[in-house]
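Undergrad: Sharing a model prediction with you, sequence too.
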Amino acid sequence: MTSTPILLESRPDRPPEGTAAADVVSVDVARLRAVAAAATGADVDRVLRSPHVDLAGFAALLSDAAAARLEDLAQAAHRITRARFGSTVRLFAPLYLSNECVSTCTYCGYSAGNDIRRRTLTLDEVRAEAVELHRRGFRHILLVAGEHARIVSRDYLEACVRTAAPLFPQVGVEVQVWDTDTYRRLVAAGCDGVIVFQESYNRDTYESVHLKGKKRNYAWRLAAPDRAAEAGMRRLGIGALLGLHPDWRAEAIALAAHAQALIRRWWRCEVQISLPRLRPAAGGYEPAEPVGDAAFVQLLCALRIALPGVGVSLSTREVPSLRDALVPLGVTTMSAGSHTEPGGYAEDSDAEPQFEISDRRSPAEVAAVLRAAGYDPVWKDWQRV
Ligand code: SF4
């Protein structure tokens, strides 16, 4: 890890120097976007032949010229995925702790203004959910909650991690972003991973959809994976909510730049990218520019070619046929049998889900489909000592 002390706790308008977040904001996305706009078939050929793909090469793989060569991209992505990850796909489940939220994000069902049924699990309920997920085969869970620092407090989150950790060697969190000391407490309790979607890397879009609450601070959020890594988190997950910003290529360039920067700065951590596309949710938000299936596949292939060792996670937002088809192209981690409302595994829950899911197959069914396609579903690949 870096040996330079980093001022990660301040909340200025820009991320602190020496962080992956600072590296990202220094990237000239507009210039790289112009590369994507101008790339020719010959440029795409050159990138596909190259052993190392930089951000300009990645941008070329997002071009219209590359879209016309989607089959070649898919073959390259498949080769790299096989070489780097073999025939394994990791399975995990989200465990929603709370849908309380004091932030207003226009695209999210949990947004503070939405009149929905709110619920926060007690520790006994967290334990019951964890036991049920363990019974279904999972050894990797992701604790998810809205942003409510009083109800979903540091103490509550730490207690939830301590409740789940004896059953699960891998416990991640996808909750509001915290300072380094809080991440340290979570690590000490048994948490080893954090997921922080920047949602949109474009500042104007970011501000236009995050209307109220702590999440409005773009720079504080962008540096959260740095703070988590500084605190000892082993796995760092990032993502952009595809469809929020009208230009998916610009978003993809910033996302790849962020992954690259995290790998460079925090080389001991495992970096993973998620590719969530906007789904219907309470509040009725409509994506500015839905990302179509062909663009989605192109993006996945480009990421796999440019960032060969990075894990890519795909959630149950996507329909079963697409999820199954994307595994050979670079997906390495999948959620399965998910509930996106607090409760719901151990017993029925009437709390509002964060978004609608499209793949309603059980974990056992997803695992069976993977096996039939020649893949090994991996429930556990890490043991806490
Ligand atoms: S995206 Fe997160 S912070 Fe925003 S409303 Fe939803 S749960 Fe709250």
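TA: Structure's in. What do you need? None of the values given here were measured: they were computed from a predicted structure.

Undergrad: Contact partners for Y345?
TA: Counting by Cβ atoms under 8 Å, 6 or more residues apart in numbering, Y345 touches 93, 95, 129, 132-133, 136, 339. (C-beta placed from N, C-alpha, C; glycine too.)

Undergrad: Using just helix, strand and coil, how would you label it?
TA: coil (DSSP: H, G, I helix; E, B strand; the rest coil).

Undergrad: Just the pLDDT at it, thanks.
TA: We have a pLDDT of 93 for Y345.

Undergrad: How about P353?
TA: 83.

Undergrad: One more: G239?
TA: For G239, pLDDT reads 98.

Undergrad: List the backbone torsions phi and psi for the residue nearest to it when sequence neighbours are not counted.
TA: Counting by Cβ to Cβ, 6 or more residues apart in numbering, S274 is the residue found nearest to G239 once chain neighbours are left out, at 3.5 Å. Note on S274: backbone dihedrals following degrees, to the nearest 10 are phi -110, psi 150.

Undergrad: Just the contacts of Y345: which are in strands?
TA: 93, 95 (DSSP state E).

Undergrad: In the beta-sheet assignment, what are the partners of the residue nearest to G239?
TA: The partner list for S274 in beta bridges (DSSP bridges) reads G239, S313.

Undergrad: ok, it touching S313?
TA: Yes - using Cβ atoms under 8 Å, S274 is in contact with S313, at 4.5 Å.

Undergrad: Which positions in this protein make contact with the ligand?
TA: Within the chain, the positions adjacent to the ligand are 101, 103, 105, 108, 110-111, 146-147, 215 by Cβ under 6 Å from any ligand atom.

Undergrad: Make CSV out of those and add secondary structure and neighbour count.
TA: What follows is the residues of the chain next to the ligand, written out as CSV (DSSP: H, G, I helix; E, B strand; the rest coil; neighbours: other Cβ atoms under 10 Å):
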residue, secondary structure, neighbour count
C101, coil, 26
S103, coil, 19
C105, strand, 25
C108, coil, 25
Y110, coil, 28
S111, coil, 23
G146, coil, 27
E147, coil, 20
K215, helix, 22
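
Undergrad: Return the closest of those with respect to F85.
TA: C108 (31.3 Å; Cβ to Cβ).

Undergrad: which phi and psi does the closest one have?
TA: phi -110, psi 140.

Undergrad: Start the count at 222 instead of 1 going forward.
TA: Sure, I'll start counting at 222 from here, so that last one is C329.

Undergrad: shared neighbours of S495 and S534, which are they?
TA: 458, 460.
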